[in-house]
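**Student:** When you get a sec, could you give me coordinates for this:
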Amino acid sequence: MKIFHCLSGSFIVYLIKIDNWENPSENLPPESFTLSATNSEALLIPPGYANGFKALIPDSELLVFSNQTMTEAANDDHRFPSTMWVKW
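**Tutor:** Okay, the predicted model is just below:
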């Protein structure tokens, strides 16, 4: 589980519910969320989701919380092409 909170500026965040971590479908629908420092919302990302984010304003800062240690997170690191589900 992760929690994203925007400290300054603004971000677009995409979440994709992964169907198969070894060979995910390229047709999975992304969900998008906009986080802004002017809004005190936090985004909870449950297990089973891939995520990607992009700053919408220069010098934006995103705070990320995780329920895993750094070692656990390193063993749970999955990378996919950045344009697989989202056309940035």
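
**Student:** Nearest residue to the middle of this structure?
**Tutor:** Of all residues in the chain, the one closest to the mean position by CA atoms, centre = their mean is residue 51, 2.9 Å from it.

**Student:** Quick check: that one touching residue 17?
**Tutor:** No - Residue 51 lies out of contact with residue 17 (CB atoms under 8 Å); the separation is 10.7 Å. Every C-beta, even on glycine, is put in place using the N, C-alpha and C of the backbone.

**Student:** Spit out the contact partners of the residue nearest to the centre of the chain.
**Tutor:** By CB atoms under 8 Å, 6 or more residues apart in numbering, the contact set of residue 51 is 2, 4, 13, 14, 15, 16, 45.

**Student:** Of these, which is the nearest to residue 69?
**Tutor:** residue 2 (13.3 Å; CB to CB).

**Student:** distance of that closest one from residue 25?
**Tutor:** Note on residue 2: its distance to residue 25, by CB to CB, to the nearest Å, is 22 Å.

**Student:** okay, these two: which has more neighbours?
**Tutor:** Neighbours were counted for residue 2 and for residue 25 using other CB atoms under 10 Å; residue 2 has more, 16 against 11.
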